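Q: Below are the sequence and a predicted model for it; my questions follow.
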Amino acid sequence: MMMLSRSSTRGMLSSCLPSTLDNFIAFFHSKSGDTRLFRDPPATSSVEQTLNMFDEMLHMRPVPPVACFSQLLAQIARLERYDAVIPLFKQMGVMGIAPDASTLNIVTNCYCHLKHAPGLGLPVFPHFLKLGLQLDITTFTALINAFLLQTTTHPKKASNPKLYSLDFALTVFHEMLRTPPLPSVISLTNILGQLVRLKHYSAVIPLFKQMLLCRIAPDAYTLNVIINCFCHLSRMGFGLSVLGSFFKLGLQPNVITFNTLIHGFVLHNQVGEASRIFTNMLEGGYCKPSVVTFNTLIKGFCKNGNKSAAVQLLRNMEESGCEPNIVSYSTVIDSLCKETLIDEALKLFSEMISRGIVADVVTYSSMIHGVCRLGQWREATRLLDQMLSKRVSPDVFIFSVLVDTLCKEGLVLKAKSVFQMMIQRGIQPDAFIYSSLMNGYCMQGEMDKARQIFDLLISKRSVDVHSCSILIDGYCKAQEVDQAKKIIKIMRVMELVPNTITYTSLIDGFCKAGRIQEAQKLFTEMQGCGQLPNAQTYTVMLDGLYNNQQLSMAMELLKEMEANKLELTITVYNVVIEGLCKAGNIESARDLFSHLSTKELQPDVRTYTIMIHGLCCHGLLIEAEELLKEMRCMELVPNTITYTTLIDGFCKAGRIQEAQKLFSEMQSCGQLPDAITYRIMIHGLSHHGLIVEAEKLLREIGGKDALQMAGNITTSSETSWAVGLVQEMIECGLSADASTMELIAGLLCKDAVDPALSLLNRILKKRLHDSEQKLGLSMPLYDAKQRASQLETEVASLNMC
């Protein structure tokens, strides 16, 4: 088919167009209504024909009335080709065709529907003013609808959408008030409501006042919007005054009115006032509270720490004819979990499930986070399994909490299993999860694996100061401070600034490595970099100075802490007192201890234990015993370390009866003796010839632990008895460790050796070799390295025998 040019088409239309306006309009309507024009593709065919008609009309003489042009523009707008209308309107202006109000309304509507058009419909405003035309309800309706549409569905299209929408709304609002007749309250309230959604609370109040000045009476919805604004502007008194306006205007406050006020008071932590509004709502009989009303007040009680009131309100919901929903239960459960009241939270969780309310990811998040805070990882994994069986998908927060908890509990393999599950479910781990896993490996002393994760974070460009600090702390605890220094260099290359936590870990590592001068240099450097040391940093530095016999420098540092007005807690003074005791300066330690009350500090169990140890080391057992009595008077419960310290003091002083008495007392007080306590007691009893009593304690321990301590009582006459214990150990299937082999080495080195002992030695050496091959699987790598070194020495001593 031969294609026709636009000029030839124009000629054909000219020849067929009627000469009179009425016939032309009739022709236009007949063409636009012709179903043949709407064949596939309907929009393109109709728009092209209409554009041709519009172009033809522009060149007709005389020019047709503007109403004809408006009809064509309206036809194109109905086909949703808003972008085609604007250029046609501009062509009318070029040709000197003055638009009327109908034309401008059509163009305004097109501007409003264009997503990227500047100013929505505002560019049309000057045309109204220039031509002396009045904006009518059609114009304002189009503008308001455009404002609501743009700010709801495309809030981020403009560079600053909130300011852009505010300017538009203010212009429309003022024009509506200026142009008669006055708009309806509904139109104006729609604009106010949308401004509230955009959080322009302060802009709404002046507009509301202008409404009142124009004698436009607000309705209930308008007043609710104003109350909401006052609540967000922290002007609750004004919000209450608007409530009074309901009654003055003969309006009935509804549930939204009260919900808004209650939410406002809860928002500003005035839960008592919120509760009073709730009571007035019930007693006044204005309306029934909804589930939102109850949930808002429950949230307020939980936020205020009043959990009992929150639970009671949850119970009262049904009495008020309102069924609690998932939000009601989840809010209370979350509050209980945050207060570590896990048992109560679990009961409420079970109650919710029994009522047929399906727990969502928010509820499970609260529960899992709560049990993890108490280290109850088994319960956390059970809840994870439960939510998976209920087809509730865990989010990244749940996996983060669980991985972090398992790592802190030393269960890195389980944490890695959860990590793999997360990957399989298509959830990408964030930097926090990787850092938690890295921290788990650091705690186990597996620094190679920790470094692998760190390198992975580098490749993902997700390394931050937190992850660097974790690895530095791990290296320092593994006594690899030079590796830690290398991470500092990496941080500087990546332009990451070490923070106080980073420096504190590094200083602690150098102090424990005995490199006190480098620690001091770091302490000075961090302050030069603008990182002020906190109480923990000073405490670490103090401990390092005391342990490296730098007493005068330590005391100067303590004075500096006081001058800087840092909070000197009992932990700080525990370090100082312990340092003085280790330095043999018991008088200064005693003086500082006695003056703690003047510093408004209460000594804790560790403070007393440190002092008791210091006094025992100086043979001041009577004074140490008095401190133990003082602890009981202060309602402080001595722990196993406290008792063990004093028992050791008595044993070394030859006061074995007092040691036995204290040993019995600690058990009656619920403090179970540990291996160190037993070792001290057994050594003390055997040293004073009380072999029967020592053997009794060994029988209490049983198994390998008993054998480890048997060397304390094996004189020449008891060698056969020790051999019997070794034989018993082998029959029980127990393997030897370094202490066991040390015992056997000692026995073998005696002048008279039991023949059976040589055989037992060979058997145990074989078991020792087999068991220690799996050393790294049963303990942290750092501990395993130390253990292996110790074993080499012990095996060498056996071979010598």
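A: On my side now, so go ahead. Computed from a predicted model, the values in this text were never measured in an experiment.
Q: Number of residues surrounding residue 100?
A: 14 (other Cβ atoms under 10 Å). C-beta here means a position set from N, CA and C on the backbone, and glycine is covered the same way.
Q: For it, which non-adjacent residue is closest in space?
A: Sequence neighbours aside, residue 66 is the residue nearest to residue 100 in space, at 5.2 Å (criterion: Cβ to Cβ, 6 or more residues apart in numbering).
Q: Burial check on that neighbour, number of neighbours?
A: A count of nearby residues for residue 66, using other Cβ under 10 Å, gives 15.
Q: And residue 95, by the same measure?
A: Neighbourhood size, residue 95 [other Cβ under 10 Å]: 12.
Q: dump the residue contacts of the nearest residue to it once chain neighbours are set aside.
A: Closest residue to residue 95 apart from its sequence neighbours, by Cβ to Cβ, 6+ apart: residue 58 at 5.5 Å. Residues in contact with residue 58, defined by Cβ atoms under 8 Å, 6 or more residues apart in numbering, are 91-92, 95, 97.
Q: Among the residues you listed, name the buried ones.
A: Burial by neighbour count, judged by 16 or more other Cβ atoms under 10 Å, picks out 92, 97 from these.
Q: could you dump the contacts of residue 58 to a markdown table with secondary structure and distance to residue 630?
A: As requested, these are arranged in a markdown table below (DSSP: H, G, I helix; E, B strand; the rest coil; distance: Cβ to Cβ, whole Å):
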| residue | secondary structure | distance to residue 630 |
| --- | --- | --- |
| 91 | helix | 100 |
| 92 | helix | 100 |
| 95 | coil | 105 |
| 97 | coil | 103 |
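Q: Looking at the contacts of residue 58, which is nearest residue 532?
A: Closest to residue 532 out of those is residue 91 (69.4 Å), distances taken as Cβ to Cβ.
Q: hmm, back to that, touching, the residue nearest to residue 100 and residue 97? I think so.
A: Yes: using Cβ atoms under 8 Å, residue 66 and residue 97 qualify as a contacting pair, with a distance of 6.1 Å.
Q: My read is that residue 253 contacts residue 243, right?
A: Yes: because the distance of 6.3 Å satisfies Cβ under 8 Å, residue 253 is recorded as touching residue 243.
Q: can you tell me the distance between the two ends of stretch 354-364?
A: 16 Å (Cα to Cα, to the nearest Å).
Q: which outside residues touch that stretch?
A: 324-326, 329-330, 333-334, 349, 352-353, 383-384, 386-387, 390, 392-395, 398.
Q: Just the buried residues of those.
A: Using 16+ other Cβ under 10 Å, the buried ones in these are 324, 329-330, 333-334, 349, 352, 383-384, 387, 392, 394, 398.
Q: Closest one of these to residue 634?
A: Using Cβ to Cβ, residue 334 is the member of the buried ones among the contacts of stretch 354-364 that lies nearest residue 634, at 37.3 Å.
Q: Against residue 346, how distant is the closest one?
A: According to Cβ to Cβ, to the nearest Å, residue 334 and residue 346 sit 13 Å apart.
Q: cool, and residue 545?
A: According to Cβ to Cβ, residue 545 and residue 346 sit 48 Å apart.
Q: more crowded one of those two?
A: When residue 545 and residue 346 are compared for neighbours, residue 545 comes out ahead with 24 against 18, by other Cβ under 10 Å.
Q: Now do the more buried one, the pLDDT please.
A: For residue 545, the pLDDT comes out at 89.
Q: Please apply the same query to residue 467.
A: In this prediction residue 467 is given a pLDDT of 93.
Q: Quick check: it touching residue 454?
A: Yes: the pair residue 467 / residue 454 is scored as a contact, 6.7 Å apart, by Cβ under 8 Å.
Q: which neighbours do these two share?
A: Shared contacts of residue 467 and residue 454 (Cβ under 8 Å, 6+ apart): residue 438.
Q: Look at residue 218 and say how many residues are nearby.
A: Applying other Cβ under 10 Å, we find 22 residues neighbouring residue 218.
Q: likewise residue 382?
A: For residue 382, the count of nearby residues is 13 (other Cβ under 10 Å).
Q: Now it: phi and psi?
A: When read as degrees, to the nearest 10, the backbone of residue 382 gives phi -60, psi -40.
Q: where are the low-confidence patches of this structure?
A: Applying pLDDT under 70 to the chain flags residues 1-45, 115-165, 168, 701-801.
Q: so residue 469 is in which element?
A: helix 465-477 (DSSP states H and E).
Q: got the buried residues for the helix or strand just after that helix?
A: Downstream of helix 465-477, the first helix or strand assigned by DSSP H and E is helix 481-493. Neighbour-count burial for helix 481-493 flags 481, 483-485, 487-488, 491 (criterion: 16+ other Cβ under 10 Å).
Q: can you check stretch 404-419 too?
A: For stretch 404-419, the buried set under the neighbour-count rule, 16+ other Cβ under 10 Å, comprises 404-409, 411-412, 414-416, 418-419.
Q: Over to it now: how far is its first residue from its last?
A: Its start and end residues considered, stretch 404-419 measures 10 Å (Cα to Cα).
Q: what's next to it, contact-wise?
A: Stretch 404-419 has contacts (Cβ under 8 Å, 6+ apart) with 372, 375, 377, 380-381, 384, 399, 402-403, 429, 432-433, 436-437, 439-441, 443-444, 446.
Q: go with 10 Å
A: Identification of contacts with stretch 404-419 by Cβ atoms under 10 Å, 6 or more residues apart in numbering yields 368-369, 371-378, 380-381, 384, 394, 398-400, 402-403, 429, 432-444, 446, 449-450, 780.
Q: Show me which of those are buried.
A: Neighbour-count burial (16+ other Cβ under 10 Å) applied to the contacts of stretch 404-419 gives 368-369, 371-372, 376-377, 380-381, 384, 394, 398-400, 402-403, 429, 432-444, 446, 449-450, 780.
Q: Not counting sequence-adjacent ones, nearest residue to residue 586?
A: Excluding the flanking residues, the one nearest residue 586 by Cβ to Cβ, 6+ apart is residue 618, at 5.0 Å.
Q: sorry, back to before: filter the contacts of stretch 404-419 down to just the ones in helices.
A: Using DSSP state H, 368-369, 371-373, 377-378, 380-381, 384, 398-400, 402-403, 432-443, 449-450 are the members of the contacts of stretch 404-419 that sit in helices.
Q: Next, show the common contact partners of residue 334 and residue 346.
A: With Cβ under 10 Å, 6+ apart, residue 334 and residue 346 have common neighbours 367, 370.
Q: Give me the neighbour count for the closest residue to residue 234 other than its chain neighbours.
A: Leaving aside its chain neighbours, residue 234 sits nearest to residue 268 (6.0 Å; criterion: Cβ to Cβ, 6+ apart). Residues lying near residue 268 (other Cβ under 10 Å) number 15.
Q: my read: residue 268 touches residue 274, true?
A: Yes: here residue 268 reaches residue 274: they are 9.3 Å apart, a contact under Cβ atoms under 10 Å.
Q: anything in contact with each of the two?
A: residue 236.
Q: which residue packs closest to residue 653, ignoring adjacent ones?
A: Residue 653's closest residue in space is residue 621 (Cβ to Cβ, 6+ apart), at 5.8 Å.
Q: If you could redo that for residue 246, that was the one I meant.
A: Nearest residue to residue 246, sequence neighbours excluded (Cβ to Cβ, 6+ apart): residue 253, at 4.7 Å.
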